[in-house]
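Chemist: sequence first, predicted model second:
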Amino acid sequence: MQPLVDQPRGGVWVVDFQDEFSQREHVVARRVLVTGHVQGVGFRRFVQMKALAMGVRGFVRNVGLESVEALLVGKPSAVEALCGLIEQGPPWARVERFECREVPLEAVGEQEGFRVLPTVGEGE
């Protein structure tokens, strides 16, 4: 699966795909939250690049001062593998806490590509 183009939309990078994913095959959704030394070290870009390579859709963003949150939507095997990579993090990060929870597909809506979203405060 190859991305068509990397393009900015409203300050957010989106990568669009043309593939069988849009034909509503069996997919799962997971919300991931990692805490530790995960900001200012390229963690969000690491997650985005891994997600794109694995055909996972969704987003990643900083939350507060010490956390990164991601929504992962895709084939179960790809989502689980990506969760494992996020738990380890890139070599320059230090993950101290990792949570991965199932999210109902109805609650996530349509996800296009994999976006890096702006930072949000705690509890938003």
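Modeler: That came in fine, so what should we check first?

Chemist: from here on, contacts and neighbour counts on C-alpha atoms
Modeler: Noted.

Chemist: what are the contacting residues of stretch 59-68?
Modeler: Contacts with stretch 59-68, where a contact means Cα atoms under 8 Å, 6 or more residues apart in numbering, come from 33-39, 43-44, 47-48, 69-72, 114-122.

Chemist: stretch 81-96 too?
Modeler: Residues lying outside stretch 81-96 but in contact with it, judged by Cα under 8 Å, 6+ apart, are 32, 34-38, 41, 43, 46-47, 50-51, 54, 98, 100.

Chemist: now do 10 Å
Modeler: Residues outside stretch 81-96 that contact it (Cα atoms under 10 Å, 6 or more residues apart in numbering): 30-44, 46-47, 50-51, 53-54, 56, 67, 70, 72, 76-80, 97-100.

Chemist: out of those, list just those in helices.
Modeler: Those of the contacts of stretch 81-96 mapping onto helices are 43-44, 46-47, 50-51, 53-54, 76-80, per DSSP state H.
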